[in-house]
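Q: Could you work out the structure for the sequence below:
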Amino acid sequence: MTEREIQTKKQKHTGAYYTPEAIVASLLSWAVRSPQDRLLDPSCGDGRFLAVHRNCVGIEQDARTAAVAVQRAPWALVHNGDFFAWAANTNDRFECAAGNPPFIRYQTFNGPVRERALSFCKSKGAEFSGLTSSWAPFLVAAASVLKPGGRMAFVIPAEVGHAPYSAPLVEYLIRHFEKVQIVAIRERLFSGLSEDCWLLYTDGFGGNTRQIDLTIVDNFVSSRTPPRSYKRIPVAEWRGTWGRRLRPYLISDSARDLYQLTARHPDSKRFGDLASIGIGYVSGANDFFHLRPSDCLKWGIPAHLLHPTVRNTRALRTDAVTFSTVKQWMNDDEPVLLLRLPKNRDLPPEVERYLDTEEGRQARKTYKCSVRDPWYSVPDVQVPDLFLSYMSGVSPGLVRNGAKCTCTNSVHSVRIRDQSAAGRLIESWKSPFVQLSCEIEGHPLGGGMLKLEPREATQILLPSESLNTEVSSVVIQEALSLIRSWRHY
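A: Numbering: from 1, shown residues only. Model (predicted):
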């Protein structure tokens, strides 16, 4: 592994992506109103924010990075340690806080640090789920040590616009600040980071607000103040109409109005009204349980214990998976045959020999296999009517299952409740309106991908046929192009 690869891996683990100087200067020129103001940077990194203002305190968990911060800003008071432990015990109070909190996803934001973070935030009235990323609790904790009237200015992930875990943060901000302004920036602020970042400005700690001010811009422009132009979003509308999401406000007012008109039409349906959407099976050891035709021949696995499967979205490049599709997979000797073994029946000796291979002994040690009985019987194997892309590039695909395949949890399994509606569903899926609904109800990932969780997929809106003219309008086409451009695919 090269030095650059090691550094990139460390950055992803710690969430340490340092802020360009122009952004630092812009945030601090507004947050700091006087040379006497005390500034807090809750995750100061190498001291870029501390270097701009003399009266400052920084917290940094990494000892080496904290030492760099001390060298860069020798006048600063830099604490090396866990910010949440510090915040829970300090009596210090600050006129302002600014910085770029670490963006660590919940998978690695764990252990005692996360427990302290969530417990501390809960004591302040912000209750986060176990799926929260690190940056959101950082902002609650930073706000909690402000003086009345205090300000904050931070770089934040664009996930504030759509991630359910960020909603408790926004709720906390609107209950504790007189002004909350978020600047959505389409251009990537960090060239080496696939995540989009926005800016947050809050003012008047100790007050509250009934609106969120959202500024939408293509590029970051240096300024001593937050942008003066913004949309005033009523908190009640953010909570109710759009389910505590800001991302729908990236499209035009007319497109959002048309979307809501369609949602209220009595003949419009949600995807979940017509179908149940879930994940496919979890084998626990994909390389072991998915065999090639040549493997089956080698071990003599009986055909009735094998089931063709869709392993990932790459298999969904056409409108239907047919028997011809499966035949081509077989001819190409792809690993698309799931070893589907019953729980309570004697197994053929050929299968017993395969289970007793070194690969089988390793497979049974994996977590999913070790907690099920028997370990070799893969549960929840279903044959859906349709497959739905879990993560997509340009657009999510909805594909007929003409070959009676099953699927892994990399693909969504769709079962139609009302078969008479299946034709309408397939026919309307590629329409601009339904594709726009996929964008609104789903959420972007780093790298430009669109992700649809099963819960999100149930909310995809299928318009009434009487609205065909309206929902095919230029307004919808433009909204679709615009919102896709925000995820950079």
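Q: which residues does Pro234 contact?
A: For Pro234, the contact set (C-beta atoms under 8 Å, 6 or more residues apart in numbering) comprises 210-211. All C-beta spots, glycine's among them, are computed from the backbone N, C-alpha and C.
Q: Give the bridge partners for it, please.
A: Gln211 (DSSP bridges).
Q: quick one: it from Ile59, how far?
A: 35 Å (C-beta to C-beta, to the nearest Å).
Q: for Pro148, same thing?
A: In terms of C-beta to C-beta, Pro148 sits 22 Å off from Ile59.
Q: and the two? which has more neighbours close in?
A: A count of neighbours by other C-beta atoms under 10 Å puts Ile59 above the other of Pro148 and Ile59, at 27 against 10.
Q: Looks to me like that one is in a strand.
A: Yes. Using DSSP: H, G, I helix; E, B strand; the rest coil, the assignment for Ile59 is a strand.
Q: surely it meets Gly47?
A: No. Here Ile59 lies out of contact with Gly47, judged by C-beta atoms under 8 Å, at a distance of 11.5 Å.
Q: Domain parsing of the protein, as residue ranges.
A: Following automatic domain parsing, the chain resolves into domains at 3-250, 275-485.
Q: Out of these, the one nearest Arg256 is which?
A: Among the domains of the chain, the nearest to Arg256 by C-beta to C-beta is domain 3-250 (5.9 Å).
Q: what's the pLDDT at the nearest residue to Leu39 once chain neighbours are set aside?
A: Among residues not flanking Leu39 along the chain, Cys56 sits closest, at 4.2 Å (C-beta to C-beta, 6 or more residues apart in numbering). You'll see Cys56 listed with a pLDDT of 97.
Q: do the same with Ser410
A: On the pLDDT scale, Ser410 gets 94.
Q: got it, and Met1?
A: Value for Met1, per-residue pLDDT: 38.
Q: One more: Leu214?
A: At Leu214, pLDDT is 98.
Q: Reduced to three states, what does it come out as?
A: strand.
Q: ok, it - contacts?
A: 181-182, 184, 230-231, 233, 246, 249.
Q: any idea which of those has the most stuff around it?
A: Ile182 (25 neighbours).
Q: I'd guess that one is in a strand, am I close?
A: Yes. Using three-state DSSP, the assignment for Ile182 is a strand.
Q: show me what contacts it?
A: 156, 160-161, 198-201, 212-215, 246.
Q: Wait, Phe220 touches Ile185, no?
A: Yes. In this structure, Phe220 is within contact of Ile185 by C-beta under 8 Å, at 5.4 Å.
Q: and Ala425, what element?
A: One thing to correct before we go on: residue 425 is Leu, not Ala. According to DSSP states H and E, Leu425 maps onto helix 422-429.
Q: packing partners for that helix?
A: For helix 422-429, the packing partners by 3 or more C-beta pairs under 8 Å, 6 or more residues apart in numbering; DSSP states H and E come out as helix 271-274, strand 398-401, strand 461-462.
Q: Report the buried residues of the first one.
A: Right, the one you point to is helix 271-274. 271, 274 (16 or more other C-beta atoms under 10 Å).
Q: Which SSE is immediately downstream of it?
A: strand 275-279.
Q: Alpha carbons of that following strand, as CSV, please.
A: Coordinates of each C-alpha in strand 275-279 appear next as CSV, following Å, rounded to 0.1, in the frame of the first residue of the first chain:
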residue,chain,number,x,y,z
ALA,A,275,-46.3,-4.0,-3.9
SER,A,276,-44.2,-5.1,-0.9
ILE,A,277,-40.5,-4.2,-1.2
GLY,A,278,-37.8,-5.9,0.8
ILE,A,279,-34.2,-7.0,0.6
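Q: where does it sit relative to the chain's centre, distance-wise?
A: Distance, stretch centre to chain centre, for strand 275-279: 20 Å (C-alpha atoms, centre = their mean, to the nearest Å).
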